[in-house]
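# give me the fold of what follows.
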Amino acid sequence: MSNADNKNINYSLNVAKCLAIFAVICIHCTLFKFGRKGLVIDALSRFAVPLFFLISGYFSFYPNLEKALDKYKTRSYRLIKLLISSVILYFVFYVFVIGYDSFYDALFSITLGHIFDVIIFNAYTYGPHLWFIGSLLYCYIFYYILGRFKFDYRKLYVIVPILLGSCLMLGEFASFMGFKHIPITYYRNFLFMALPFFTLGYFMHDNQEKLIGILSDKNLILIMVLSCLLVVIEVFAVGKLDLYVGSIIFAATLVLWCIKNPDKLNFKVAGFIGGTLYTSIYVLHLLVMKMLKMYGIKYGYFNPIIVFVVTSVISFLIYKVTLFIRQHRKKATVKADNEH
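Here you go, the predicted structure:
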């Protein structure tokens with residue numbers, strides 16, 4: 001989930017990720033329950049997850065296959081550790097803090113159906129938002145396997161419109177045809193959401209020179225504005241959804257604008273959050289929301305801001321402690337080597 005291993009930092013993309021992580025918090029704060037304004041905010045925030053997949057795919061393009069495979073493997077291991085630790089964290093939190101269930105009841109209530117949902121739909125009982133990490137993990141594993149068989153990734157480009165069309169068909173267009181209760185896990189998963197956006201991001205890097213030459217900055221901004229208007233039209237026409245056509249256009253256009261203007265949004269704090277802390281914020285923000293709710297902290301439309309600030313501070317402290325431990329271990333290793 002990070003572009004830290006890329007020497008050329010795109011400051012604009014880091015700021016975009018900061019905006020996206022705040023948008024994710026807006027979604028999970030259920031602002032849509034506050035009325036039409038909240039519903040619009042929720043709908044406009046739906047660009048966030050597509051943007052994260054797009055950026056992950058963008059930074060997964062490497063002309064050298066061996067380097068690509070090494071990166072995919074490294075990121076897969078990193079995400080596996082992150083996913084396991086996050087699931088354990090939320091399991092402990094729900095059982096021991098919230099008292100959702102007793103430890104043994106919670107442990108033995110896990111069925112083959114739950115395991116099937118995790119493997120096929122990336123649906124987690126404890127920490128449902130972790131579906132994103134599981135789906136992204138599948139993307140890296142999928143690309144790694146294809147690379148091992150010398151598969152040309154460019155052949156995947158053709159499936160992007162097919163899979164995104166299927167996602168929209170299940171998630172939005174089905175509403176027009178009277179199908180109102182299609183489970184969200186049927187289309188919010190690796191196959192219909194993660195893979196097409198990830199591959200689209202890969203495509204954008206592969207063809208970035210051509211893409212940035214097609215549209216001027218003014219036209220890109222105009223498209224972003226019009227896509228936001230399209231989202232508003234969609235939400236009033238269809239209602240609350242997980243993905244809108246306008247969301248896709250906005251996310252892709254924003255990424256393209258950031259690729260074209262890597263230094264334009266060089267905001268230190270937002271860039272640090274989007275470049276370094278956003279993974280931790282994504283994992284922890286739902287836990288922070290639950291804790292604030294337990295203590296009766298509710299401020300309506302200000303909830304996302306409170307959750308964002310609190311989770312950012314916690315993530316920063318974790319970052320500093322982790323950095324201190326790493327530096328201490330490094331010094332200890334150097335000292336031990338010198339002694340020998």
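# show the end-to-end separation of stretch 263-282, please.
Terminal residues of stretch 263-282 lie 25 Å apart, using Cα to Cα, to the nearest Å.
# assign a three-state SS to the nearest residue to residue 8 once chain neighbours are set aside, would you?
Distance criterion Cβ to Cβ, 6 or more residues apart in numbering; nearest residue to residue 8, sequence neighbours excluded, is residue 262 at 7.5 Å. Using the backbone N, CA and C atoms, a C-beta is placed for each residue, glycine as well. Classification of residue 262 by DSSP: H, G, I helix; E, B strand; the rest coil places it in coil.
# again, but for residue 124
Criterion first, three-state DSSP; result for residue 124: coil.
# I'd like to know how many residues surround it.
20 (other Cβ atoms under 10 Å).
# need the per-residue pLDDT for the residue lying closest to it once chain neighbours are set aside.
Closest residue to residue 124 apart from its sequence neighbours, by Cβ to Cβ, 6+ apart: residue 130 at 4.8 Å. pLDDT recorded at residue 130 is 95.
# over to the one 5 residues further on?
Note on residue 135: pLDDT of 97.
# in what helix or strand does it lie?
helix 131-148 (DSSP states H and E).
# can I get that helix in CSV, CA atoms only?
Coordinates of each C-alpha in helix 131-148 appear next as CSV, following Å, rounded to 0.1, in the frame of the first residue of the first chain:
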residue,chain,number,x,y,z
TRP,A,131,-11.6,-6.4,2.8
PHE,A,132,-9.5,-3.8,1.0
ILE,A,133,-6.2,-5.2,2.4
GLY,A,134,-7.2,-8.7,1.5
SER,A,135,-8.2,-7.7,-2.0
LEU,A,136,-5.0,-5.8,-2.6
LEU,A,137,-3.1,-8.8,-1.4
TYR,A,138,-4.8,-10.9,-4.0
CYS,A,139,-3.8,-8.4,-6.7
TYR,A,140,-0.1,-8.8,-5.9
ILE,A,141,-0.4,-12.6,-5.6
PHE,A,142,-2.3,-12.7,-8.9
TYR,A,143,0.3,-10.5,-10.7
TYR,A,144,3.1,-12.5,-9.2
ILE,A,145,1.7,-15.8,-10.4
LEU,A,146,1.1,-14.4,-13.9
GLY,A,147,4.7,-13.1,-13.9
ARG,A,148,6.1,-16.4,-13.0
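# sounds good, over and out.
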